[in-house]
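Peer 1: using only what follows, build the 3D model:
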Amino acid sequence: MSNSQIRIYTQKEQGEEWLRRYRGCLPVFACVLGFTETGLIPGISAAGSTPEDRKYTACADAEFLYYGPEHKAQYPLPPLTAGASPVLISRAVFESLKIPVHLFNAGLPQPPAVPVIDLGGAPAKCLSGGVAMEIIRVHHLFEQGLLWGERLAANIQQGYLIVGECVVGGTTTALAILTGLGIHAAGKVNSSHPVCNHVQKWALVQAGLEKMRGSRGQRAGGREQDEIFQFQIQNSVDPLQLVAAVGDPMQVVVAGMAIAASRSCGVMLAGGTQMLAVYALISAIAQAYALSWRPEAVVVGTTRWVAEDPTGATVDLALSLGKGSLTQSGGTPPLLATYLSFADSRYPQLRAYEQGFVKEGMGAGAACIAAHLGQDWQQHQLLAAIEAQLERLSTAFH
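Peer 2: Got it, this is the predicted structure:
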């Protein structure tokens, strides 16, 4: 099988070894849904055109992933600024290949209208306040992640576990976690916008981290103060307390799942910026709490729209994980991406991806990688399956 459909951007040898190991295998998919009030800030995200819509994005995506286009949804897919929800991509693959899907509610404002495993979480407050979640809840969610990672992996004989997410505003909480762990991530993260709103994200992150540090008087002015700011944070941080201050409920669940599952099977963290932040968190947690995990079993899988986003620096971000003092245990993960293209799609909602809208979500990139890896699907098969979902969705209730 040619790897023209999958590109490896970092840790090429480790990535190729991982792909060789799981060629011909099908994964199990776990998707962790969460919410942060950061997602309600005007303009922060394009995953739902209004703040009100964004409250229901995760519920809508979960419902579509589970039931497909013919189901009369309690939470229909929200209108996006442009483009179609990435859940169409995931659903097309998982339905065609009959890949088992497990949905987890790590903390949503309302329960989704699908069978989900409730982890006893709660939505996070806006990260700019520096007190996003209670530490006791963060510890609980991490334990749940460990527990479910072990449970899911126990039923995987030959394959691997894909862990995806849906958190609106999650690239901003990701930036906060990365920065808090001493990684220079400002200006490198992605977003659902065609041009990333770096300035808006960074202002929120600085506000949250300053409140967490209680150093309100030190508003970072120039570059030098930025350096001091980073240094102060990275030298005295408990990663779980960092999540409680500026994170979201999904991050710590996925970190726990990946740590536990990596001990016995392969793990693909499905996403871009958000999963790189989770990977950094895994390294930091494993280091801080002396937990065993297998970094060589874990890869990050996304779409080329994320990996090659000209308004972010995903590859650079992945490489910088190996340089952080708190994230050394994991080094740099292999960053893989599907080479899926919508340039020739007959649907403008899909062609919008080529203009930089949406990019990724709900495990879309990893789903495509799984289709190439497990069934040797090529570009035309993927495009046909995804367009069929959109076709069915547009004719379902007309």
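Peer 1: for Leu103, grab the count of nearby residues.
Peer 2: By other CB atoms under 10 Å, 23 other residues sit near Leu103. Bear in mind the C-beta positions are built from the backbone N, C-alpha and C, glycine included.
Peer 1: same deal with Gln378?
Peer 2: Residues near Gln378, counting by other CB under 10 Å: 14.
Peer 1: contact partners for Gly107?
Peer 2: By CB atoms under 8 Å, 6 or more residues apart in numbering, the contact set of Gly107 is 34-35, 119, 121-124, 141, 248-250.
Peer 1: apply 7 Å and report the result again.
Peer 2: Neighbour list for Gly107: 34-35, 121-124, 249 [criterion: CB atoms under 7 Å, 6 or more residues apart in numbering].
Peer 1: show me which positions of stretch 106-124 end up buried.
Peer 2: Residues of stretch 106-124 classed as buried by neighbour count (16 or more other CB atoms under 10 Å): 106-108, 112-114, 116, 119, 121-124.
Peer 1: export only the CA atoms of it, formatted as PDB.
Peer 2: The C-alpha coordinates for stretch 106-124 follow below in PDB (Å, rounded to 0.1, in the frame of the first residue of the first chain):
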ATOM      1  CA  ALA A 106     -16.800  14.900  29.900                       C
ATOM      2  CA  GLY A 107     -18.800  18.000  30.700                       C
ATOM      3  CA  LEU A 108     -21.500  19.500  28.400                       C
ATOM      4  CA  PRO A 109     -24.100  22.100  29.300                       C
ATOM      5  CA  GLN A 110     -26.900  19.600  28.400                       C
ATOM      6  CA  PRO A 111     -26.800  15.800  27.800                       C
ATOM      7  CA  PRO A 112     -26.700  14.800  24.200                       C
ATOM      8  CA  ALA A 113     -29.600  12.900  22.700                       C
ATOM      9  CA  VAL A 114     -27.500   9.800  22.100                       C
ATOM     10  CA  PRO A 115     -26.200   6.900  24.200                       C
ATOM     11  CA  VAL A 116     -23.100   8.400  26.000                       C
ATOM     12  CA  ILE A 117     -21.000   7.400  28.900                       C
ATOM     13  CA  ASP A 118     -21.300  10.200  31.400                       C
ATOM     14  CA  LEU A 119     -18.000  10.800  33.200                       C
ATOM     15  CA  GLY A 120     -19.400  13.100  35.900                       C
ATOM     16  CA  GLY A 121     -17.800  16.200  34.600                       C
ATOM     17  CA  ALA A 122     -19.100  19.800  34.100                       C
ATOM     18  CA  PRO A 123     -18.500  22.500  31.600                       C
ATOM     19  CA  ALA A 124     -15.400  24.600  32.200                       C
END
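Peer 1: average pLDDT across it?
Peer 2: Summarised as a single mean, pLDDT over stretch 106-124 is 97.
Peer 1: how far does that stretch sit from its chain's centre?
Peer 2: Put simply, stretch 106-124 sits 17 Å off its chain's centre (CA atoms, centre = their mean, to the nearest Å).
Peer 1: equivalent analysis for stretch 206-214, please.
Peer 2: Using CA atoms, centre = their mean, the offset of stretch 206-214 from its chain centre is 24 Å.
Peer 1: can you confirm Val32 is in a strand?
Peer 2: Yes - remark: Val32 belongs to a strand, assigned using DSSP: H, G, I helix; E, B strand; the rest coil.
Peer 1: tell me who's in contact with it.
Peer 2: Val32 neighbours (CB under 7 Å, 6+ apart): 104, 106, 163, 165, 250, 253-254.
Peer 1: now Ile386
Peer 2: 88-89, 92, 350.
Peer 1: just those: which are in strands?
Peer 2: Nothing among those maps onto strands, per DSSP state E.
Peer 1: neighbour-wise, which of these leads?
Peer 2: Ile89 (31 neighbours).
Peer 1: still on that earlier bit, and the contacts of Val32 as JSON lines, adding distance to Arg7 and secondary structure?
Peer 2: Converted to JSON lines, the contacts of Val32 look like this (distance: CB to CB, whole Å; DSSP: H, G, I helix; E, B strand; the rest coil):
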{"residue": "Phe104", "distance to Arg7": "29", "secondary structure": "strand"}
{"residue": "Ala106", "distance to Arg7": "30", "secondary structure": "strand"}
{"residue": "Val163", "distance to Arg7": "21", "secondary structure": "strand"}
{"residue": "Glu165", "distance to Arg7": "22", "secondary structure": "strand"}
{"residue": "Met250", "distance to Arg7": "26", "secondary structure": "helix"}
{"residue": "Val253", "distance to Arg7": "28", "secondary structure": "helix"}
{"residue": "Val254", "distance to Arg7": "23", "secondary structure": "helix"}
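Peer 1: wait, which of those residues is closest to Gly312?
Peer 2: If you rank the contacts of Val32 by distance to Gly312 using CB to CB, Glu165 comes first, at 17.4 Å.
Peer 1: pretty sure that closest one sits against Thr273.
Peer 2: No - with contacts counted by CB atoms under 7 Å, Glu165 stays clear of Thr273, the gap being 11.0 Å.
Peer 1: the two: which has the busier surroundings?
Peer 2: Thr273 (31 against 27).
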